[in-house]
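Chemist: Sequence and predicted structure, then a few things I'm wondering about:
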Amino acid sequence: MTSILVINTGGTIGMVADKQSGALRPFDFGNLYQLMPALANFDYSIDSHTFQPLIDSSNVTPSFWIELASVIESNYENYDGFVVLHGTDTMAYSASMLSYMLENLNKPVIFTGSQLPIGSVRSDGRDNFITAVEIAADRQFDTPVVPEVAIYFENKLLRGNRTNKFNAENFNAFLSGNYPPLAEVGVYIRYNHANILKPNFRALKVHYSLDTNVAVLKLFPGISENVVKSVLHIKSLKGLILETYGAGNAPTDAWFVDCLKSAVDHGITIYNVTQCKGGSVEMGKYETSVALEKIGIVGGYDITTESAVTKMMFLLGQGFSGDKLREMLQISLRGELTI
Ligand code: ASP
């Protein structure tokens, strides 16, 4: 019988309103079958693991990712697939990070959550949850259909490290601007098999070492030298995600280019990621990115900021630096970018 482990980490899906303040807080919803009797209609065995404490995903930290990866690793041989219930706010970061940490993943790890708590009448949580379980369990020719980290939300299955949360209240909350859905769900679950990573049948290797000496700097017209310098002078900074305009463009002011050059010369790796939700960084296409390329800034192609930050923490954690780090940032490790 197909076996699924549901890992409940918190988020709106399992929240209740605090009686006094009315604010939503996570609670342990205990027996899954009591909560959703429909699960019993599946021909799967479903177990659950609950994080203590359950958290609002705004409180996600690297130690949370380490705990999540370790729960998956210690249960990997006993289950055919995993469903992670997670708050939507930082789900794209966690799904991205887990995709890097879980090397040679050959089983589904499907993140889901909801915009309305599962106990509320119009909750989107029930459908998200039930369909995520079905996707995690789906097999073809005795192999999992989706052997990768994905997010299932409102009828779409998206590659985890390609997503952003783009809407704070619509049920349709996630976007994958640069990669097509892995599946679309209506009456049937229609998998886009050609877009799904293929299993490699190697042993799972989990990487637990992460380095948080990273920062994100989002450009805006009027950004001052003081702001740019302050960020680049952060003690122990090793990697900077520079959110640029359009196809990777930035101001051509000498002070700006000089600040970045001096940081690169001091060993800080700068990763150029676009602020746009679709399209790719193409350094050298416009005059406004020629200098960035010349001073050794690394182009992130069409990677999302969420995926770029977690990839940087992951690669720094594995001890990569200098040219090797730059090379790894520019290749697709888990399908996170298109060259
Ligand atoms: N604040 C919640 C969280 O991310 C929002 C949600 O789950 O949708 O945990």
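Modeler: Nice, I can see it.

Chemist: Please name the nearest non-neighbouring residue to the residue in the stretch 201-339 of the chain that the ligand sits nearest to.
Modeler: Nearest residue of the stretch 201-339 of the chain to the ligand (CB to the nearest ligand atom) works out as Glu306 at 13.4 Å. Yep, even glycine has a C-beta here, placed from its N, CA and C like the rest. Setting aside the residues directly before and after it, Glu306 is nearest to Ala92 in space (CB to CB, 6 or more residues apart in numbering), at 4.3 Å.

Chemist: what kind of secondary structure is the one you found in?
Modeler: helix (DSSP: H, G, I helix; E, B strand; the rest coil).

Chemist: Which strands border the helix or strand that Thr244 is a member of, and is each parallel or antiparallel?
Modeler: Assessed by DSSP states H and E, Thr244 sits inside strand 239-244. According to DSSP bridges, strand 239-244 forms sheet pairs with strand 214-218 (parallel), strand 269-274 (parallel).

Chemist: ok, how many other residues are close to Leu204?
Modeler: By other CB atoms under 10 Å, 14 other residues sit near Leu204.

Chemist: quick one: contacts for it?
Modeler: With contacts defined as CB atoms under 8 Å, 6 or more residues apart in numbering, Leu204 is in contact with 73, 76, 102-106.

Chemist: can I get the CA coordinates of stretch 259-269 in PDB?
Modeler: Backbone C-alpha positions of stretch 259-269 (Å, rounded to 0.1, in the frame of the first residue of the first chain) are rendered in PDB as follows:
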ATOM      1  CA  CYS A 259      31.100  50.200  -4.500                       C
ATOM      2  CA  LEU A 260      30.200  46.900  -6.200                       C
ATOM      3  CA  LYS A 261      33.700  46.500  -7.600                       C
ATOM      4  CA  SER A 262      35.300  47.000  -4.300                       C
ATOM      5  CA  ALA A 263      33.000  44.400  -2.700                       C
ATOM      6  CA  VAL A 264      33.700  41.900  -5.400                       C
ATOM      7  CA  ASP A 265      37.500  42.600  -5.000                       C
ATOM      8  CA  HIS A 266      37.100  41.900  -1.300                       C
ATOM      9  CA  GLY A 267      35.600  38.500  -2.000                       C
ATOM     10  CA  ILE A 268      31.900  39.200  -1.800                       C
ATOM     11  CA  THR A 269      30.000  37.200  -4.500                       C
END
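
Chemist: just to revisit the earlier point, tell me, how many residues neighbour the residue of the stretch 201-339 of the chain closest to the ligand?
Modeler: As a burial measure, Glu306 scores 26 neighbours (other CB under 10 Å).

Chemist: Please identify the helix or strand for it.
Modeler: Applying DSSP H and E, one finds Glu306 within helix 305-317.

Chemist: before we move on, back to that, tilt between the strand holding Thr244 and helix 305-317?
Modeler: Angle of strand 239-244 versus helix 305-317, following axes from the mean of the first three to the mean of the last three CA atoms, to 10 degrees, is 160 degrees.

Chemist: Return the residues of this protein in contact with the ligand.
Modeler: Contact residues (CB under 6 Å from any ligand atom) of the chain with the ligand: 10-12, 56-58, 87-89, 113, 115.

Chemist: Buried among those residues? Make that a ChimeraX selection.
Modeler: Per 16 or more other CB atoms under 10 Å, the buried members of the residues of the chain next to the ligand correspond to this ChimeraX selection:
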select :10,11,12,56,57,87,88,89,113,115
